[in-house]
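Chemist: Turn this into a structure:
(chains A and B)
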Amino acid sequence: MADHGKGRPPRVGDNKVFRRVLLTVVLLLVALMIVAPLVVIAVEAFSRGIGYFAKSIADPDTRHAILLTVVTALIAVPFNTAFGVAAAWAITKHDFPGKRLLTVVIEIPFSVSPIVAGVSYLFVYGLQGLFGHALQAADIKILFALPGIVLASMFVTGPFVARELIPLMQAQGRDLEEAATSLGASGWRTFFSVTLPNIKWALLYGVVLCNSRVMGEFGAVSVVSGNIRGQTNTLPLHIELLYHDYNAAGAFAAASILACLAIVTLVAKVALERRGAGRVQRPSALAGADSITPEVKP
Amino acid sequence: MKRILLLGVALAGLAAPLTAHAADKLLNASYDVARELFAAENEAFVKEHPGVTIDQSHAGTSKQARAIVEGLEADVVTFNQVTDIDFLVKNGFVAEDWQKKFPNNASPFYSFPSFLVRAGNPKHIKDWSDLARDDVKVIFPNPKTSGNARYTYLAATAYAKEAFNNDPAKVEAFVTKIFDNVPVFDTGGRAATTTFVEREIGDVIITFEAETRSIAKQYGEDKFEGVTPSVSLLAEFPVAVVDKVADAHGSRDLAKTYLDFLYSPEGQKVAAEFGHRVHDEKVAAEFKDQFPAIRLVNVDDVFGGWDKVSKEHFAEGGTLDKIYGSR
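Modeler: Predicted coordinates for the structure are as follows:
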């Protein structure tokens, strides 16, 4: 055991052979499963030259698909964020009957295949479905239009924010909130000055995950979109369409846009984390409590 | 949930004016690989009818039929499966006599399962009988999941029925032999193309003649060559006005004009350029070199109609299951 020196107990990583094998396997898997496809996307996207790439992106249907995907995210993500925060707040900071059930219900979209989600929307909002005739009578279009796409995306990504927040908020406990309340802060104030600063990075992470999933969602949206070019074709659906047209270069050009959107969200996440890291010395919980104290009414 | 509903209703209100139809606008629900074909057809149509907009929706036609029944407001359908229009008939969206409303069984152009082999045809594949040879590897997708492959299965069966005088045992043995020569069954036509072209598996791929052209065009005309068998099965591309939707939109006249255009010399020419065989004699003569002669049989004559085919061949425990299961 002399190898290990320094008097600490042996650890798994101390075995050089083991460490190298493990590293090789992990790197190989990363290269095969993540790097290689990304490289292929980039290479294929430019396989017919940059001119063709530009032409593919400038295609009105592709541009509309990008716009539609961004609009969908702009609606679905804020809504799911609000929902996720509200749900996590209710579950971790309050006691009420049916709490366990709510926790389970929130997670349902994780265990349901997106295609099932899409089909179930057909059965609810479709012409043959539950509200189909009422909606048609009122001339309200949900399926095969923007609302259907947004709803399906929201269903699939519903749990992302809540899932990130619940474990963290559970670990943080309720002490700070109880202190704030006992000092007279209102519910809103407690939330914005105490809870929110404590969860903001987890919240942001949830938002980033939620966003990338909304933008990439295929299965559920595919069922409810109607695939109308230039109207209800989101970027992932558009990519499939181009691919089936033997327009591989166009498909990969569109896919590279999706990959870029993903990279932008990732970079945004890292950048925001960096900015947040600077404030770690001053625990945000204390900052929140500080700012409350002087203003508390007697 | 209530909030989701409210938001949905609010959004629907916002979206409604955008999707409202006037009679100068059509939505054509079509099959998944027809995007470029109809982009060209629509461009030609709009040139003749300025101010008209034709929107396109593309997906597998079974999915399209289901979507229309659930409320996708397509004024016309241009499908590649007769049975999917029958589904619309059953649900009251399309008139029962739709096949009589346009010429040629409401099918403006047609195709059939044909062969694409590697350049020089090294295995000398000429006809269906060559596909049953021991030294030939055949590529087509899984007939359980691909409509395209169902045509292939039926065409091979039709050939065998003629060659073996309708002897069911021999026909089954022949088709089974072809299935045994398929090294991998992909789920769809596009995946099968990838297997044949990019993974370079197999000596011959069987798909619609129009598809064999797009494959050669996309991946290099010098790398492949088309082989037209002696006989094949007519594959129709049926069109219909979706009466229920067209009446609601007041778009019936425009819908009919649009589908008629597909039969006009201009419309037929576009279809021929995309590798489809057409009925218009002048256009057919113009593209004669592209389309070697072939004898086509149809499902009604050989198999007694699609209903019978579904029951005898494609239903669970049917002939296809027996052949596919025996692999």
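
Chemist: going forward, measure contacts between C-alpha atoms and count neighbours the same way
Modeler: Will do.

Chemist: and whichever residue of the stretch 101-250 of chain A sits closest to chain B, what does it touch?
Modeler: Chain B sits closest to residue A:228 of the stretch 101-250 of chain A, with a gap of 4.0 Å, by Cα to the nearest Cα. Contact analysis of residue A:228 by Cα atoms under 8 Å, 6 or more residues apart in numbering or on different chains lists B:55-58.

Chemist: One more pass at 10 Å, please.
Modeler: A:61, A:144-145, A:234, A:238, B:27-30, B:55-59, B:72, B:74 (Cα atoms under 10 Å, 6 or more residues apart in numbering or on different chains).

Chemist: That one bridge partners, please.
Modeler: Counting by DSSP bridges, residue A:228 forms beta bridges with residue B:57.

Chemist: what's the pLDDT at it?
Modeler: pLDDT recorded at residue A:228 is 91.

Chemist: what helices or strands is the helix or strand where residue B:270 lies leaning on?
Modeler: Counting by DSSP states H and E, the element that carries residue B:270 is helix B:265-273. Taking 3 or more Cα pairs under 10 Å, 6 or more residues apart in numbering or on different chains; DSSP states H and E as contact, the helices and strands that helix B:265-273 lies on are helix B:35-48, strand B:109-111, helix B:209-219, helix B:252-263, strand B:277-278, helix B:281-286.

Chemist: tell me the angle of the fourth one relative to helix B:265-273?
Modeler: Going by axes from the mean of the first three to the mean of the last three Cα atoms, to 10 degrees, helix B:252-263 is angled at 50 degrees with respect to helix B:265-273.

Chemist: Does chain A have contacts with helix B:252-263?
Modeler: No: counting by Cα under 10 Å from any Cα of the partner chain, chain A is not contacted by helix B:252-263; separation bottoms out at 17.1 Å.

Chemist: Equivalent analysis for the second one, please.
Modeler: No: remark: strand B:109-111 sits outside contact range of chain A, by Cα under 10 Å from any Cα, the gap being at least 17.6 Å.

Chemist: burial measure for the residue in the stretch 51-200 of chain B positioned nearest to chain A, as a count.
Modeler: Residue of the stretch 51-200 of chain B nearest chain A, by Cα to the nearest Cα: residue B:57 (4.0 Å). By the criterion of other Cα atoms under 10 Å in any protein chain shown, residue B:57 has 25 neighbours.

Chemist: cool, the one 4 residues further on as well?
Modeler: Each residue near residue B:61 was counted by other Cα under 10 Å, and the total is 23.

Chemist: residue contacts, it?
Modeler: B:29-32, B:67, B:77-85, B:147.

Chemist: switch to 6 Å and redo it
Modeler: If a contact means Cα atoms under 6 Å, 6 or more residues apart in numbering or on different chains, then residue B:61 has residue B:31 as its contacts.

Chemist: ok but residue B:199 is inside a helix, no?
Modeler: No: Residue B:199: not assigned to a helix; according to DSSP: H, G, I helix; E, B strand; the rest coil it is coil.

Chemist: wait, residue B:77 sits on residue B:27?
Modeler: No: contact criterion Cα atoms under 6 Å: residue B:77 and residue B:27 do not qualify, at 8.5 Å.

Chemist: Please say which of those two ends up with more neighbours.
Modeler: residue B:77 (28 against 23).

Chemist: SS state for that one?
Modeler: Classified using three-state DSSP, residue B:77 is strand.

Chemist: so who does it touch?
Modeler: Residue B:77 touches B:28-30, B:239-240, counting by Cα under 6 Å, 6+ apart.

Chemist: now do residue A:245
Modeler: Counted by Cα under 6 Å, 6+ apart, residue A:245 has contacts residue B:33.

Chemist: Could you rerun that using 10 Å?
Modeler: Counting by Cα under 10 Å, 6+ apart, residue A:245 has contacts A:239, A:251, B:32-37, B:190, B:214-215, B:218.

Chemist: are any of those buried, and which?
Modeler: Taking 16 or more other Cα atoms under 10 Å in any protein chain shown as the criterion, what is buried in the contacts of residue A:245 is A:239, A:251, B:32-35, B:37, B:190, B:214-215.

Chemist: Nearest to residue B:293 among those residues?
Modeler: Residue B:293 lies nearest to residue B:214 out of the buried ones among the contacts of residue A:245, by Cα to Cα, at 19.6 Å.

Chemist: Hmm, residue B:274 and the closest one touching each other?
Modeler: Yes: with contact defined as Cα atoms under 10 Å, residue B:214 and residue B:274 form a contacting pair (7.7 Å).

Chemist: List the buried residues of the strand or helix carrying residue B:176.
Modeler: Per DSSP H and E: residue B:176 is located in helix B:168-180. Residues of helix B:168-180 classed as buried: B:171-172, B:174-180 (neighbour count, 16+ other Cα under 10 Å).

Chemist: Out of these, which is nearest to residue A:157?
Modeler: The closest of the buried residues of helix B:168-180 to residue A:157 turns out to be residue B:179 (Cα to Cα; 42.6 Å).

Chemist: Pick the most deeply packed of the helices and strands packed on helix B:265-273.
Modeler: The highest average neighbour count among those, using mean count of other Cα atoms under 10 Å in any protein chain shown, belongs to strand B:277-278 at a mean of 24.

Chemist: Which residues does that one contact?
Modeler: B:107-112, B:209-210, B:262-263, B:265, B:267-272, B:283-285, B:287-288, B:290-291.

Chemist: mean confidence score for it?
Modeler: For strand B:277-278, the per-residue pLDDT averages 96.

Chemist: That strand: partners in the sheet, and parallel or antiparallel?
Modeler: strand B:109-111 (antiparallel).

Chemist: And the contacts of the partner strand?
Modeler: B:80, B:104, B:207-211, B:232-239, B:262-263, B:267-268, B:271-272, B:275-280, B:296.

Chemist: OK, contacts around residue B:63?
Modeler: A:222-223, A:226, B:31, B:69, B:84.

Chemist: just checking, it is part of a strand?
Modeler: No: judged by three-state DSSP, residue B:63 forms no part of a strand; its state is helix.

Chemist: What separation do you get for it and residue A:103?
Modeler: 35 Å (Cα to Cα, to the nearest Å).

Chemist: repeat for residue B:40
Modeler: 52 Å.

Chemist: Next: residue B:304.
Modeler: 56 Å.

Chemist: ok, the two, which is more surrounded?
Modeler: residue A:103 (17 against 11).

Chemist: nearest residue to the more buried one other than its sequence neighbours?
Modeler: What sits nearest to residue A:103 in space, not counting adjacent residues and going by Cα to Cα, 6 or more residues apart in numbering or on different chains, is residue A:91, at 7.3 Å.

Chemist: Got the domain ranges for chain B?
Modeler: Listed by automatic domain parsing, the domain ranges of chain B are B:2-110+B:236-290, B:113-233+B:294-325.

Chemist: any bit of the shortest one sitting next to chain A?
Modeler: What it means is domain B:113-233+B:294-325. Yes: residues of domain B:113-233+B:294-325 contacting chain A under Cα under 10 Å from any Cα: B:189-191, B:193, B:214-215, B:217-219.
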